[in-house]
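Q: predicted model, plus sequence, below.
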Amino acid sequence: MSHFDRRGFLVAAACAATPLISGRAFAQQKKLTVVSWGGAYQAGQSKQVWQPAAARLGVHLVEETYNGLADLRLRVRSGASTWDVVSIGAGGAARASAEDILEALDYKAIDTSSFVKGYAEKQWVGGDLYSTAITWNSKKYGASAPQTWADFWDVKRFPGARAYRNQALGHLEPALMADGVPMDKVYTELSTDAGLKHAVDKVAALKPNIAAFWASGAQQTQLLKDGTVDMASAWSGQIAALAKAGLPIAWTYNQAMLDADVYVVPKGAANRELAMQFLAEIAKPEYQAAFSNAMPYGAVNSKAYDGKLISAELAQTLPSAPANLSRQLRLDPVWWRENQARAEKLYQEMISK
């Protein structure tokens, strides 16, 4: 991460207006509460992004954890929310937006001109990108590795146990691609009753070779690690960690499902304007690159891949590197917001049969 000028805009403005206020007193006055999922992910966000940005802005940062959209909804609707910025999945943000529990973002302050297209919406802005990709045991398949979802479904050419998600989200699209539906037609097809049934039936056809329907990133990791499965749909962050640890794990971004973790500002946030300044700061390529260098997630700001912020070697492994972006299908959070209930019902019925 490059060295940042620690004299932020807010600090400079405050000092000019009230020169007798110390930096510490100012920080106490300007408090911002940021919320995320906890664990190593939030620890990385805090160390690489939030704390450096808060220091530059002269903000006292309070960090909290939560369990997802239900917590955010309850806070906002009860009028008891003290949260200013929340990290959430793009799908959750789309639902929260439809429920009118988010503030509109100030894009006069937040510069997203160099963001990957589609990751700066009215009420949410991209934080990082990850993918659900075809993953396999490189010892088992060697040079004859699967490269498409059609290969993933081809148990004759690629024998072995599979793992697939226990939820429909992001896992109906691969089924259609496996049957030859072009990436740009997948959501058109899924939007019809026949297309949705087509996708669910395609997963059902693979069930005899699915050893496990995984429920979490930790389960994906364990299934691949202990050799229970030879091939899986898996999140890029989990895969990269296994490969880095020296396990014989490989993956491709070809036909991967690109998704995002994003930032939102809850409706009625007490420090709305400061939240916008904070989002503007962390949208800069230096912060995004710092997070990608520490954690296996892709930067949303494409300028993070310019120059020396992210090495060419690391970029090859990240989902949002320019060479990888065009090979993937962006998961459509609006489609899932509008169709998840019926899609999930059919998917769960298929799994339980």
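A: That came in fine, so what should we check first?
Q: scan the chain for its longest strand.
A: Across the chain, the longest stretch assigned as strand under DSSP state E is strand 249-264.
Q: pLDDT averaged over that one, what's the number?
A: For strand 249-264, the mean per-residue pLDDT is 98.
Q: elements contacting that strand?
A: The contact analysis (3 or more C-beta pairs under 8 Å, 6 or more residues apart in numbering; DSSP states H and E) places strand 249-264 against strand 85-89, helix 90-98, strand 124-137, helix 173-178, helix 236-244, helix 322-325, strand 329-330. Placement of C-beta: from N, CA and C, glycine included.
Q: tell me how far the ends of stretch 82-95 are from each other?
A: 21 Å (C-alpha to C-alpha, to the nearest Å).
Q: any idea how far it is from the chain center?
A: Relative to its chain's centre, stretch 82-95 lies at 12 Å (C-alpha atoms, centre = their mean, to the nearest Å).
Q: swap in stretch 114-133?
A: Averaging C-alpha positions (C-alpha atoms, centre = their mean) puts stretch 114-133 8 Å from its chain's average.
Q: how about stretch 304-316?
A: 19 Å.
Q: got the contact list for it?
A: 2, 285-286, 288-289, 292-293, 299, 303, 318, 320-324 (C-beta atoms under 8 Å, 6 or more residues apart in numbering).
Q: if we take the residues you listed, which one ends up nearest to residue 180?
A: Here the nearest of the contacts of stretch 304-316 to residue 180, counting by C-beta to C-beta, is residue 324; it sits at 22.3 Å.
Q: the closest one against residue 252, yeah?
A: No - when contacts are counted by C-beta atoms under 8 Å, residue 324 is not listed as touching residue 252 (9.4 Å).
Q: these two: which is more packed in?
A: residue 324 (23 against 18; other C-beta atoms under 10 Å).
Q: so the more buried one versus residue 194, what's the distance?
A: Note on residue 324: its distance to residue 194, by C-beta to C-beta, to the nearest Å, is 32 Å.
Q: one more: residue 283?
A: 41 Å.
Q: one more: residue 249?
A: According to C-beta to C-beta, residue 249 stands 36 Å off from residue 194.
Q: so these two - more neighbours on which side?
A: The neighbour count for residue 249 versus residue 194, taken as other C-beta under 10 Å, is higher for residue 249 (23 against 8).
Q: who does that one form a beta bridge with?
A: residue 137 (DSSP bridges).
Q: quick check, it in contact with residue 236.
A: No - with contacts counted by C-beta under 8 Å, residue 249 stays clear of residue 236, the gap being 11.4 Å.
Q: show me where the stretch 1-150 of the chain has its helices.
A: For the stretch 1-150 of the chain, the helices defined by DSSP state H, counting those that start in this stretch cover 9-17, 23-29, 39-45, 51-57, 69-78, 90-98, 138-141, 149-153.
Q: just the strands in the stretch 151-300 of the chain please.
A: All strands of the stretch 151-300 of the chain, identified by DSSP state E, counting those that start in this stretch, fall at 162-165, 210-214, 231-235, 249-264.
Q: roughly how far is the third one from the heart of the chain?
A: Translated: strand 231-235. Taking mean C-alpha positions (C-alpha atoms, centre = their mean), strand 231-235 and its chain are 16 Å apart.
Q: swap in the last one?
A: What separates the centre of strand 249-264 from the centre of its chain is 7 Å, taken as C-alpha atoms, centre = their mean.
Q: what angle separates it from strand 231-235?
A: Taking axes from the mean of the first three to the mean of the last three C-alpha atoms, to 10 degrees, strand 249-264 and strand 231-235 form an angle of 30 degrees between their directions.
Q: offset the numbering so it begins at 745, please.
A: That works, and once the first residue is 745, the last one we named lands at strand 993-1008.
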